[in-house]
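Undergrad: how would this look folded up:
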Amino acid sequence: MILLRSLNDIPDSLRGGAVAIGNFDGVHLGHARLIERLRTMAQRVGGPAVAFTFEPSPTRVLRPDVAPEPLLWLDRKIEILAELGAEAVVVYPTDKSFLEMEAHYFFDRVVRGRLAARAMVEGPNFFFGRNRSGNVDVLRQFCSEADMPFEVVPSVEVDGQIVSSSRIRSLVTAGRLDEARVMLGRPYCIRGTVVRGAGRGAKLGYPTANVGQIDTLLPGEGIYAARVLAENVWHPAAVSLGPNPTFDEGALKVEAYIIGFQGDIYGRQVEVDFLARLRDIKRFESVDALLAQMARDVERTKEICR
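TA: Okay, here's the model as predicted:
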């Protein structure tokens, strides 16, 4: 897989293929279907399968006050697109001048010009150009005029629900990560840096890694069975996401008790895969009652992670 962060000097090996454009937020099952069709179309025209995405997302440039938190960080998005079969990923540095391009100008200058695309594949809700003036019907017309094959890939449904980034975002926010996992095709994941906390977990016999500087959407509050990637190894972990009412702490924190792990990872980056929601966060009448519940949470986590 080849990563490009500029449209200048695109190698000939990446021109003349099939192109799919989008945010690809979360890279869910719908995106996987689209990349599958992109590969087929690329083989049909005898060129590379190219995924074109944006950083930051257009909404963060145009309406930063209402832009949602992303479901994936950029590097992981690129990795998953490559795993699905994209031979190249173009990450375009989004700015207002780019978003002011008229739809036809974007098609002529970027799609036909810089990428020399010979085919396109898109989902049904694709918009492009200034004020989102271009849609799949407009793009179909442009491709027809350019004698380019064009395919609209239907939405994927799971249990009667259309798989979309917005739907997954609402499930993650609600803590319904089992349902989100089905739509993503993998566990929902966050990453962050381990920061120092109050040290109370260690005193209770459950030393936790406090995960901060998280740059993606946080799941809803709760206790979760998870696995944590620390020092390039996945470990089972019981994760508390939210406040600690038993000790009158109201601040939202992500605390991971990494089962069986004894290394020093302060200042290190970790990833957290959420596997199942175990329970709500609640106030316990005593520390002993809290410890008893924590022991049960750890045992359930071990079972889930087997």
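Undergrad: Strands along the stretch 1-150 of the chain, start to end?
TA: Assigned by DSSP state E, counting those that start in this stretch, the strands in the stretch 1-150 of the chain fall at 2-4, 18-21, 49-55, 88-93, 119-122, 150-152.
Undergrad: Check these for me and report the most buried one.
TA: Highest mean neighbour count of the strands of the stretch 1-150 of the chain: strand 18-21, a mean of 28 (counted as mean count of other C-beta atoms under 10 Å). C-beta: built from backbone N, CA, C; applies to glycine.
Undergrad: Report all helices and strands that it contacts.
TA: Applying 3 or more C-beta pairs under 8 Å, 6 or more residues apart in numbering; DSSP states H and E, we find strand 18-21 packed against helix 29-45, strand 49-55, strand 119-122.
Undergrad: List the neighbouring strands of the last one plus their orientation.
TA: Paired strands of strand 119-122, with direction, are strand 18-21 (parallel), strand 150-152 (parallel) (DSSP bridges).
Undergrad: and the shortest one, how far out from the chain's middle?
TA: Going back to what we said before, that points to strand 150-152. Mean-position distance between strand 150-152 and its chain equals 24 Å (C-alpha atoms, centre = their mean, to the nearest Å).
Undergrad: Specify the next element, helix or strand, located C-terminal of that strand.
TA: strand 157-158 (DSSP states H and E).
Undergrad: Paired strands for that next one, with orientation please.
TA: strand 161-162 (antiparallel).
Undergrad: out of the strands of the stretch 1-150 of the chain, nearest to residue 246?
TA: strand 49-55 (40.9 Å; C-beta to C-beta).
Undergrad: Tell me where this protein is predicted with low confidence.
TA: 1 (pLDDT under 70).
Undergrad: can you list the domain ranges for it.
TA: In the assignment given by automatic domain parsing, the structural domains of the chain cover 2-158, 187-305.
Undergrad: Present those domains as CSV; the columns should include distance to residue 168.
TA: Supplementary listing: those in CSV, determined by distance: least, C-beta to C-beta, whole Å:
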stretch, distance to residue 168
domain 2-158, 5
domain 187-305, 8
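Undergrad: out of these, which comes closest to residue 173?
TA: With C-beta to C-beta as the yardstick, what comes closest out of these is domain 187-305 (5.6 Å).
Undergrad: Can you report how many residues neighbour residue 97?
TA: 7 (other C-beta atoms under 10 Å).
Undergrad: Return the residues in contact with the nearest residue in space to residue 60 that is not next to it in sequence.
TA: Spatially, and ignoring its direct neighbours in sequence, residue 60 is nearest to residue 67 (4.3 Å; C-beta to C-beta, 6 or more residues apart in numbering). Contact analysis of residue 67 by C-beta atoms under 8 Å, 6 or more residues apart in numbering lists 57, 59-60.
Undergrad: Over to residue 170?
TA: Per C-beta under 8 Å, 6+ apart, neighbours of residue 170: none.
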